[in-house]
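Asks: pasted the sequence and its predicted model underneath.
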Amino acid sequence: MNILLLGSGGREHALAWKLSRSPLCRNLWIAPGNGGTRNVGTNVNISATDFDALADFALEKEIEMIVVGPEDPLVLGVVDYFKGKPALQHIPVIGPDAQGAQLEGSKAFAKQFMMKYNVPTAGYKEFDATNVNDGLAYIDSLTPPIVLKADGLAAGKGVLIIQDKEEAKAALKDMILESRFGEASKKVVIEEFLDGIEFSVFVLTDGTSYKILPPAKDYKRVGVADTGLNTGGMGAISPVPFVTEELMRKVEEQVVKPTIAGIKAEGMDYKGFVYVGLIKVGEEPKVIEYNCRLGDPETEVVIPLLETDLVKLFLAVAGGYLSEEELEFKNEHCATIMLVSGGYPGDYEKGKVIKGDHDIEDSLIFHAGTKADDGKLVTNGGRVIAVTSLGATLQDALNTSLANAHRIEFDGKNYRKDIGYEFVG
Ligand code: AMP
Ligand code: GLY
């Protein structure tokens, strides 16, 4: 098959790597891709949100499947765009339609959905310019910490957790009345603070049936022991030691089943991944958020564990017969450590020459922010390379990634050396 993958991060390199290994994959293009995806397919310099250019390219190259990595094209309706054009309708797009993508694109939409379908989550209320004063009174009625969430997409920055009520009230006004997060914070969700430990579960669905992938945990803070600023993700592990079979059973019964039933009942055209961000409160799972795609860097640890042919699975998703497929996973542990640019998640420089990535044989080197420049590989983003390793134990996987994280060099390189070690004796 001719496959077109949209996106340019570590998630997309991991997906491209896996797709390219399928005997069903004849040609793979990645739009726009990065310095690593060009090793497993062909990069094409089209933005993942330039639908007209993607459509022209898809027709020219006789693309037979489009796989969407990031959320932006989904929220902007790439699935609806291809479905709506007679010349493009025959090309399945793996990802939800715009309505389904609202599970990520609007926090208020997601909360209403969870309430309607009885998915366990934090209690909440939503506010906009018409009822800011009710929002201020609501904050007064709560016990801090207060959780404020911009309704729309805000590049992972739209959630504030505030200890002081007066500060929370000022932030609410700032978000709604002063557009602190632009359009995204015209509406704000205020919700109950949940105290527990977080993990993520990915569900592949054809809109009716579903398959659950192994749980993962990502590490969002830039500093050792989860200190410092939030990032896109500094590393991840899968599976997760505290996520027992019993907890996964609860996730499936209480969260996955009602979510998929809701997707169906709402009439969403959802053929893709549901990312369920969870928190374990006591022994119970509660949903913190939905995303309409795989996580990054969680993909870099979940996809290497998957034995099953991913193209075959996507064909089943597109054809609506996912229930007939069996998913197989390696009985191993996977860990990834993200090498990031000095200064990230604040300001950082690009264009630093990367060395040593070719000599590594016992890790998978998934590129996130890299590009080829004059025959050289250079840094091209905050998150640069995800050093991913499989191992018989979590400790083995972590040790291998850590040793190789040390061996890859570029000016200003930073990475966390403690990812996952809290679970290692
Ligand atoms: P979100 O974008 O909704 O995933 O929120 C970003 C982060 O804020 C989450 O990964 C949690 O660490 C934290 N968070 C969000 N909602 C809550 C909540 N209700 N209680 C505690 N922490 C939360
Ligand atoms: N790792 C968090 C995310 O992909 O949203």
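Replies: It's in. Numbers count the residues shown, from 1 in each chain. Ligands and ions are numbered 1, 2, ... in the order given.
Asks: where along the stretch 151-300 of the chain do the strands fall?
Replies: 159-162, 188-191, 197-205, 210-212, 217-218, 221-223, 227-230, 235-238, 270-281, 284-291 (DSSP state E, counting those that start in this stretch).
Asks: who does the fourth one pair up with?
Replies: The one in question is strand 210-212. Its sheet considered, strand 210-212 pairs with strand 197-205 (antiparallel) by DSSP bridges.
Asks: so which bits of the partner strand are buried?
Replies: Across strand 197-205, burial judged by 16 or more other CB atoms under 10 Å covers 199, 200, 201, 202, 203, 204, 205. The C-beta positions use only the backbone N, C-alpha and C, and glycine is treated the same way.
Asks: now do the fourth one against residue 216, distance only.
Replies: Distance, residue 202 to residue 216, by CB to CB, to the nearest Å: 7 Å.
Asks: any idea how far residue 203 is from residue 5?
Replies: 20 Å.
Asks: next up, the contacts around the spatially most central residue of the chain.
Replies: Centroid check for the chain by CA atoms, centre = their mean gives residue 295 as the closest residue, at 1.9 Å. Taking CB atoms under 8 Å, 6 or more residues apart in numbering, we find residue 295 in contact with 11, 200, 202, 216, 218, 233, 236, 275.
Asks: JSON lines please, covering those residues and showing pLDDT and distance to ligand 1.
Replies: Compiled in JSON lines, those are given as follows (pLDDT from 0 to 100; distance: CB to the nearest ligand atom, whole Å):
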{"residue": "11", "pLDDT": "98", "distance to ligand 1": "16"}
{"residue": "200", "pLDDT": "98", "distance to ligand 1": "9"}
{"residue": "202", "pLDDT": "98", "distance to ligand 1": "15"}
{"residue": "216", "pLDDT": "98", "distance to ligand 1": "13"}
{"residue": "218", "pLDDT": "96", "distance to ligand 1": "9"}
{"residue": "233", "pLDDT": "94", "distance to ligand 1": "11"}
{"residue": "236", "pLDDT": "98", "distance to ligand 1": "13"}
{"residue": "275", "pLDDT": "98", "distance to ligand 1": "10"}
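Asks: any idea which element whichever residue of the stretch 1-150 of the chain sits closest to ligand 2 lies in?
Replies: Residue nearest to ligand 2 within the stretch 1-150 of the chain (CB to the nearest ligand atom): residue 11, separated by 7.4 Å. Using DSSP states H and E, residue 11 falls within helix 10-20.
Asks: following that helix, which helix or strand comes up?
Replies: strand 27-32.
Asks: dump that next one to PDB, keeping only the CA atoms.
Replies: Extracted in PDB, the C-alpha atoms of strand 27-32 (Å, rounded to 0.1, in the frame of the first residue of the first chain):
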ATOM      1  CA  ASN A  27       5.600   3.200   0.000                       C
ATOM      2  CA  LEU A  28       5.500   5.500   3.000                       C
ATOM      3  CA  TRP A  29       5.600   9.300   2.900                       C
ATOM      4  CA  ILE A  30       5.700  11.500   6.000                       C
ATOM      5  CA  ALA A  31       4.400  15.100   5.800                       C
ATOM      6  CA  PRO A  32       6.500  16.900   6.900                       C
END
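Asks: packing partners for the next helix or strand after that strand?
Replies: Next helix or strand after strand 27-32 toward the C-terminus (DSSP H and E): strand 42-43. Counting contacts by 3 or more CB pairs under 8 Å, 6 or more residues apart in numbering; DSSP states H and E, strand 42-43 packs against strand 27-32.
Asks: quick one: average confidence on the strand it packs on?
Replies: On average, the pLDDT along strand 27-32 is 98.
Asks: sheet-wise, list the partners of that strand with their directions.
Replies: When DSSP bridges is applied, strand 27-32 pairs with strand 2-7 (parallel), strand 42-43 (parallel).
Asks: out of those, which is the most enclosed?
Replies: strand 2-7 (a mean of 24; mean count of other CB atoms under 10 Å).
Asks: list the contacts of that one.
Replies: 12, 15-16, 19, 25-31, 33, 37, 41, 44, 48, 54, 57-58, 61-70, 73, 78, 311.
Asks: residues touching the nearest residue to residue 421 once chain neighbours are set aside, list them.
Replies: Among residues not flanking residue 421 along the chain, residue 398 sits closest, at 6.5 Å (CB to CB, 6 or more residues apart in numbering). Going by CB under 8 Å, 6+ apart, residue 398 touches 237, 335, 337, 389, 391, 419, 420, 421, 424.
Asks: so which of the residues you listed sit within strands?
Replies: Residues of the contacts of residue 398 located in strands (DSSP state E): 237, 335, 337, 389, 391.
Asks: what about the third one, distance to ligand 1?
Replies: Yep, that's residue 337 we're talking about. Distance of residue 337 to ligand 1, computed by CB to the nearest ligand atom, to the nearest Å: 20 Å.
Asks: residue contacts, that residue?
Replies: 234, 235, 386, 387, 398, 401, 402, 405, 415, 416, 419.
Asks: and if you look at the second one?
Replies: Residue 335 sits next to 235-237, 301, 388-389, 391, 394, 397-398, 400-401, 419-420 when contact means CB under 8 Å, 6+ apart.
Asks: one more time with 6 Å
Replies: 237, 389, 397, 398, 401, 420 (CB atoms under 6 Å, 6 or more residues apart in numbering).
Asks: now the second one: closest residue in space, sequence neighbours ignored.
Replies: In this case it means residue 389. residue 400 (3.8 Å).
Asks: you'd agree that neighbour is in a strand?
Replies: No - judged by DSSP: H, G, I helix; E, B strand; the rest coil, residue 400 forms no part of a strand; its state is helix.
Asks: ok, it - how many residues close by?
Replies: As a burial measure, residue 400 scores 20 neighbours (other CB atoms under 10 Å).
Asks: quick one: residues contacting it.
Replies: 362, 363, 389.
Asks: as TSV, those with pLDDT, neighbour count and distance to ligand 1 would be great.
Replies: Formatted as TSV, those follow (pLDDT from 0 to 100; neighbours: other CB atoms under 10 Å; distance: CB to the nearest ligand atom, whole Å):
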residue	pLDDT	neighbour count	distance to ligand 1
362	96	11	31
363	98	25	27
389	98	26	25
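Asks: between these, which sits nearest residue 100?
Replies: residue 389 (33.7 Å; CB to CB).
Asks: quick one: the closest one and residue 417, what's the gap?
Replies: 14 Å.
Asks: residue 326 now?
Replies: For residue 326, the distance to residue 417 - CB to CB - is 38 Å.
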